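**Q** okay, here's the prediction I keep looking at, along with the sequence it came from:
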Amino acid sequence: MPSGRVALVTGANTGIGRVTALELARSGFRVFLACRSRERTKPVLDAIGAAAEWLPLELSDFGSVRQCAQMFLERDLPLHLLVNNAGVAGARGLTPSGFEWMFGVNHMGHFLLTQLLLERIRRSAPARVVTVASKAHTHADAIDWDAVRRPTASLTGVPEYCASKLANVLFSAELGRRLVGSGVRAYSLHPGVVDSDIWRRLPWPLRQLNRLRLISNEEGARTTLYCATSEPAGRETGLYYSESRPVAPNAAGRNTALAAELWERSEAALA
């Protein structure tokens, strides 16, 4: 990957986002770390050095998302790579912007950020948009449009998390279709079940059981980095990946009508 390219990674202060940012910087990218806390991001900024910059971002709050995008756009730089990496699992409630917490953060926050940066990304082509989804999407066969506008209903938050990850897969596939011929490629992926902070809000018994099957952040970042930088992935778009190869999402994840409806409803919610 040639030097002089610019990437923005959400949730880059910890977990696979941190590994992703570090590896992108090593390969020559100038990396913007879009995270909630400068203090928590500082170790990554220090590790990367002059090639890294922090942007404040709270994905649950559309005002914060708009401010983050504006701060980047004001720098008048190209954007060759957007990694929609940040996410929450097991969180509960309603976001300040009026969505079930996990749907609001995992999908709506990233949908808005991508929309706000998309023209700059198009002008920077060849470029890529990589969205970290999850195999958990296979446990959702639809999106309940009423439920995503209400506080988390389930005890564990797992059904809501699965629906938000289905939204990631559908969004990325639809983005790929809408950008055909533009030089911008879109990818969603399952990173594996990673030992990262995303699980910190799961109820204790589930969190302990989950830890028995976790992989390292370094292993978890491999598929993100494959989609972000590999030459073979650069010839593909709109696909879903696991273990650095395209795999078929579940039937709902392949539903083009559902993907288009998600896009349209997401756009309408931002109007």
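**A** Nice, I can see it. Residues are numbered from 1 along each chain as shown.
**Q** got any ranges where the stretch 101-250 of the chain has weak pLDDT?
**A** Where the stretch 101-250 of the chain drops to pLDDT under 70, the residues are 193-215.
**Q** please redo it, this time with the cut-off set to 90
**A** For the stretch 101-250 of the chain, the stretches with pLDDT under 90 are 155-156, 192-220.
**Q** what about the helices in it?
**A** 101-102, 110-123, 158-178, 204-211, 217-229 (DSSP state H, counting those that start in this stretch).
**Q** what residues sit buried inside the last one?
**A** Of the residues in helix 217-229, those buried under the neighbour-count criterion (16 or more other C-beta atoms under 10 Å) are 217, 219-229. For the C-beta atoms, the positions are set from N, CA and C on the backbone; glycine is no exception.
**Q** how far away is the residue nearest to Leu33 when sequence neighbours are not counted from Glu23?
**A** Nearest non-adjacent residue to Leu33, counting by C-beta to C-beta, 6 or more residues apart in numbering: Ala12, 3.9 Å away. For Ala12, the distance to Glu23 (C-beta to C-beta, to the nearest Å) stands at 11 Å.
**Q** out of the helices of the stretch 101-250 of the chain, deepest packed?
**A** Among the helices of the stretch 101-250 of the chain, ranked by average contacts under mean count of other C-beta atoms under 10 Å, first place goes to helix 101-102 (a mean of 26).
**Q** related to what we said a few turns ago, using a markdown table, lay out the buried residues of helix 217-229 together with distance to Tyr240.
**A** Listed next are the buried residues of helix 217-229 as a markdown table, based on distance: C-beta to C-beta, whole Å:
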| residue | distance to Tyr240 |
| --- | --- |
| Asn217 | 21 |
| Glu219 | 18 |
| Gly220 | 16 |
| Ala221 | 17 |
| Arg222 | 15 |
| Thr223 | 10 |
| Thr224 | 13 |
| Leu225 | 16 |
| Tyr226 | 13 |
| Cys227 | 10 |
| Ala228 | 15 |
| Thr229 | 18 |
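**Q** and those residues, which is closest to Pro159?
**A** Relative to Pro159, the closest of the buried residues of helix 217-229 is Gly220; by C-beta to C-beta it sits at 23.0 Å.
**Q** look up how far Val247 lies from the closest one.
**A** Distance check for Gly220 against Val247: by C-beta to C-beta, it reads 16 Å.
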